[in-house]
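Participant: I would like the atomic coordinates for the input below:
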Amino acid sequence: MEATVTEETGHVDLPIEGMSCASCAMKVERTLGAVEGVTAATVNFATGRAAVDFVPGAATREELADAVARAGYAVAPTHDHHGEHGDEHAGHDHMNHAQDGLGLRLAVSGALTVPVVLISMVMALHFAGWEWVVMALTLPVVLWGGWSFHATAARAARHGHANMDTLVSVGTLAALAWSVVAVLTGGPDLYFETAAVVTTFILAGRFLEERAKGRAGAALKALLELGAREATVLGPDGSERLVPAEELEVGDRFLVRPGEKIATDGTVEEGRASVDESMLTGESLPVSVQPGATVTGATVNLSGRLVVRATRVGADTEVAQIARLVEEAQTGKAPVQRLADRISSVFVPVVIVIAILTLAGWLIAGAGAAAAFTAAVAVLIIACPCALGLATPTALMVGTGRGAQLGMIIRGPEVLESTRRADTIVLDKTGTVTTGQLEPAGITVSGPDEAQAWRLIGAVEAASEHPIARAIAARAAELHDGPLPAAGDFTNHEGLGVTGTVDGHRLVVGRPALLAQKGIAMAPELEAALEAGQALGQTSIAAAVDGEAVAVISVTDTVKPGAAEAIGRLRRMGLAPVLLTGDNERAARTVAAEVGIDDVVAGVLPAGKVAEVTRLQAQGAVVAMAGDGVNDAPALALADLGISMGTGTDVAIEASDLTIVSGDLGRVPDAISLSRSTLRTIKQNLAWAFGYNVAAIPLAAAGLLDPMIAGAAMALSSVSVVLNALRLRRFQPGR
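Facilitator: Residues are numbered from 1 along each chain as shown. As a prediction, this is how the structure comes out:
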């Protein structure tokens, strides 16, 4: 997403420079939230980004940047050379640059610290004037190697607050200053090795953090880089022209040869091929496409020559939308993280007070200045709250990124808690449990001839988006010689069927209840056809022309491969399945028996689906729902956890919390399992970070931790949190 204000939507995504811990992120978040017109601001320490929502037109990027500056930080400059996602690439480049700078400082500081430690700690190496040599070696380590700590601490102090770098800077500069004064005055106690080792250890921790954070965001970076670089555009005369992929426009026809990536989303106009969609859906089996099929940008043509007409480009493509959803999820905060943020915001001042009290306590106890100083510095160094700030965002980055690789989009951190609590899953039938690729099984006609019935019914059904309507319209088009006539005065009766006018005839097509609602009676032979279809588990719809019932069409659907296994896995995960459908009772129970579902609610309209979810929630159930159609969207939005099948409508996907890109029901338990694993990892990280500080600060105050050991432990605590999060990269679908 661009780091510029979008006036129409009132959203901006800003890369923030200078943050060193969770308390920094909280400071920026509070400052941005106080800007007039801002409705929400979320700052992610791990990604270094701020997501800001505001009343459209009420704020500008400059005003938000000024607010960040007032907090003592800066908005990184952006160079958008790559369209919608130029800033994400700029963010990754900035991360790489920061990592390189840390690597240089770490290498030089490490090389200088080794002789400092050896000379200071090994009595045999003490020669005349060794103190001056050690001081000369330590000064560049603390002042140059640790410059970023001191600069950030000073900037924070100018703005009246403290952060993690305040602790590091005060501790290392105090050790350095004490030692310099001791050398100049001939004092006995030197802490050069403490200042140098602590600085080097913390630099090492920061370097490893940056590397690990880069790996944590690798899945999103890979997603952003999936697309083709170039496209072969076909001119009206068939000429070929190679252009950058970002220059494609809707309506352009482009050529895709075997082995090439499809440049953008489109519709196949010529050719047949097998397409590898695994990078989006996680499914290894290729998909066969032919004229009329839709293809997705960044997928790979394995065989055959295709001519594709572009239908979506740039920010509208499926890859761009997935990347946006993943980025938004990574920017958000799980509820459990907000407690950590509140603690981090007051943590540093409390630690400084504890360090002062430690110093005073040791002096009052008569232990001597050296012991008091050592204990106080150890408190400052060991208490870094950095691990708290990394606990949630790194796990979110890895978990959501891994989900994207497997074709499972987690819409936000709040979803994680819902997956843990859900105990009931409501499943729509058509398109979710079944393939949704319906086939008319037969027609019974009373009145007009069969060809005329197909022609009229197909024409009015062609205006509907419902899977049954599409199947009937497709069969009618096959049987009719030439295009079907256009339907006029078309009306969709939600959950019941459609009405319209074709060639001057008024048609009513849909469930028998729709005809009954219109006062249209069914002939005995049509009633018998309805009964026969339902007895076979088929879906039957009726049609009337000019107020007279004329036909019944039975439609069959097939259960998705692996659906029964997926239902079994959901049961083992503690979720009770419920089949919810607008179809008839017999058809619904036939499908339910095949996949192992006992609880069936059939014959419900969209409002009935909402009512059923509400009823379950009123009984104390925490409800997840999986669906794919427009008629599922209200229930998906109402459910505690909405799961949309990516093969469904945009409305359903927008209403959901989890999206299964491939539409494979087996990915539903995978998505829930990954979400639960991510939440579990977050809680492990927070438990470690809290426990580490709670245990370590008293030890340091009691004089039981040397500052050098404290520095190493602090660095390792942050790295361990990130490494624990990286275990999610190994998550595998549990088929």
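Participant: Just give the number of residues close to residue 416.
Facilitator: Each residue near residue 416 was counted by other C-beta atoms under 10 Å, and the total is 29. Backbone N, C-alpha and C define where each C-beta goes, glycine included.
Participant: In this structure it contacts residue 675, no?
Facilitator: Yes: in terms of C-beta atoms under 8 Å, residue 416 counts as a neighbour of residue 675; the distance is 5.1 Å.
Participant: Overlap in contacts, these two.
Facilitator: residue 410 (C-beta atoms under 8 Å, 6 or more residues apart in numbering).
Participant: In the chain, where's the longest strand?
Facilitator: When the chain is parsed with DSSP state E, its longest strand is strand 548-556.
Participant: contacts for that strand?
Facilitator: Contacts made with strand 548-556 from outside it, assessed by C-beta under 8 Å, 6+ apart, are listed as 438-448, 453, 457, 468, 471-472, 515, 520-523, 526, 529-530, 532-533, 536, 538-544.
Participant: Double-check residue 63 against residue 34; I have them as touching.
Facilitator: No: the pair residue 63 and residue 34 fails to qualify as a contact (C-beta under 8 Å) at a distance of 11.5 Å.
Participant: ok, back up a step: from the contacts of strand 548-556, list just the buried residues.
Facilitator: For those, a neighbour count by 16 or more other C-beta atoms under 10 Å gives the buried set as 438, 440, 443-446, 448, 453, 457, 468, 471-472, 515, 520, 522, 526, 529-530, 533, 538-544.
Participant: Next step: the residues you listed restricted to helices.
Facilitator: Using DSSP state H, 453, 457, 468, 471-472, 515, 526, 529-530, 533 are the members of the buried ones among the contacts of strand 548-556 that sit in helices.
Participant: now, which of these sits nearest residue 267?
Facilitator: Comparing these against residue 267 with C-beta to C-beta places residue 471 closest, at 19.5 Å.
Participant: Settle this for me: the closest one is touching residue 439, isn't it.
Facilitator: Yes: the pair residue 471 and residue 439 passes the contact test of C-beta under 8 Å, sitting 6.3 Å apart.
Participant: Between residue 63 and residue 34, tell me which one has more neighbours.
Facilitator: When residue 63 and residue 34 are compared on other C-beta under 10 Å, the one with more neighbours turns out to be residue 63, at 16 against 12.
Participant: In three-state terms, how would the more buried one be classified?
Facilitator: The local conformation at residue 63, judged by DSSP: H, G, I helix; E, B strand; the rest coil, is helix.
Participant: what sits against it?
Facilitator: With C-beta under 8 Å, 6+ apart as the criterion, the residues that contact residue 63 are residue 35.
Participant: Kindly report the same for the one 5 residues further on.
Facilitator: Residues counted as contacts of residue 68 (C-beta under 8 Å, 6+ apart) are 14, 16, 28, 31-32, 50, 74-75.
Participant: Equivalent analysis for residue 510, please.
Facilitator: Under the criterion of C-beta under 8 Å, 6+ apart, the contact list for residue 510 reads 493, 496-498, 541-542.
Participant: got those as a markdown table, with distance to residue 399 and pLDDT columns?
Facilitator: Supplementary listing: those in a markdown table, determined by distance: C-beta to C-beta, whole Å; pLDDT from 0 to 100:
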| residue | distance to residue 399 | pLDDT |
| --- | --- | --- |
| 493 | 42 | 84 |
| 496 | 41 | 84 |
| 497 | 43 | 88 |
| 498 | 43 | 91 |
| 541 | 43 | 88 |
| 542 | 48 | 93 |
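Participant: Select from the residues you listed every entry located in strands.
Facilitator: Among the contacts of residue 510, the ones falling in strands (DSSP E) are 493, 497-498, 541-542.
Participant: will you turn the residues you listed into CSV that also has distance to residue 720?
Facilitator: What follows is the ones in strands among the contacts of residue 510, written out as CSV (distance: C-beta to C-beta, whole Å):
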residue, distance to residue 720
493, 59
497, 60
498, 60
541, 61
542, 66
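Participant: which one of these sits closest to residue 174?
Facilitator: Nearest to residue 174 among the ones in strands among the contacts of residue 510, counting by C-beta to C-beta, is residue 493 at 77.2 Å.
Participant: if I read this right, the closest one contacts residue 499, doesn't it?
Facilitator: Yes: contact between residue 493 and residue 499 holds when scored by C-beta under 8 Å: they sit 6.8 Å apart.
Participant: neighbour count winner among the two?
Facilitator: Set side by side, residue 493 and residue 499 show unequal neighbour counts under other C-beta under 10 Å, the larger going to residue 499 at 20 against 17.
Participant: Which residues are in contact with the more buried one?
Facilitator: Residues counted as contacts of residue 499 (C-beta under 8 Å, 6+ apart) are 460, 489-491, 493, 506-509.
Participant: do residue 130 as well
Facilitator: Residues touching residue 130, when contacts are defined by C-beta under 8 Å, 6+ apart, comprise residue 119.
Participant: Recalculate using a threshold of 10 Å.
Facilitator: Under the criterion of C-beta atoms under 10 Å, 6 or more residues apart in numbering, the contact partners of residue 130 comprise 119-120, 190.
Participant: Residue 286 now?
Facilitator: The neighbours of residue 286, taking C-beta under 10 Å, 6+ apart as the test, are 273-278, 299-303.
Participant: possible to save the residues you listed as TSV with neighbour count?
Facilitator: What follows is the contacts of residue 286, written out as TSV (neighbours: other C-beta atoms under 10 Å):
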residue	neighbour count
273	23
274	15
275	22
276	17
277	22
278	18
299	25
300	20
301	23
302	13
303	13
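Participant: Sitting in strands, which of those do you find?
Facilitator: 273-276, 300-303.
Participant: Using CSV, lay out those residues together with distance to residue 115.
Facilitator: Conversion of the ones in strands among the contacts of residue 286 to CSV gives the following (distance: C-beta to C-beta, whole Å):
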residue, distance to residue 115
273, 65
274, 63
275, 61
276, 56
300, 55
301, 60
302, 59
303, 63
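Participant: quick one on the thing from earlier: go through the ones in strands among the contacts of residue 510 and name the one nearest residue 698.
Facilitator: Relative to residue 698, the closest of the ones in strands among the contacts of residue 510 is residue 493; by C-beta to C-beta it sits at 70.1 Å.
Participant: Name the nearest residue to the closest one, ignoring sequence neighbours.
Facilitator: residue 514 (5.9 Å; C-beta to C-beta, 6 or more residues apart in numbering).
Participant: just how off-centre is the helix or strand residue 393 falls within within its chain?
Facilitator: Here residue 393 is covered by helix 386-405, with elements defined by DSSP states H and E. Going by C-alpha atoms, centre = their mean, to the nearest Å, the spacing between the C-alpha centre of helix 386-405 and its chain's C-alpha centre is 10 Å.
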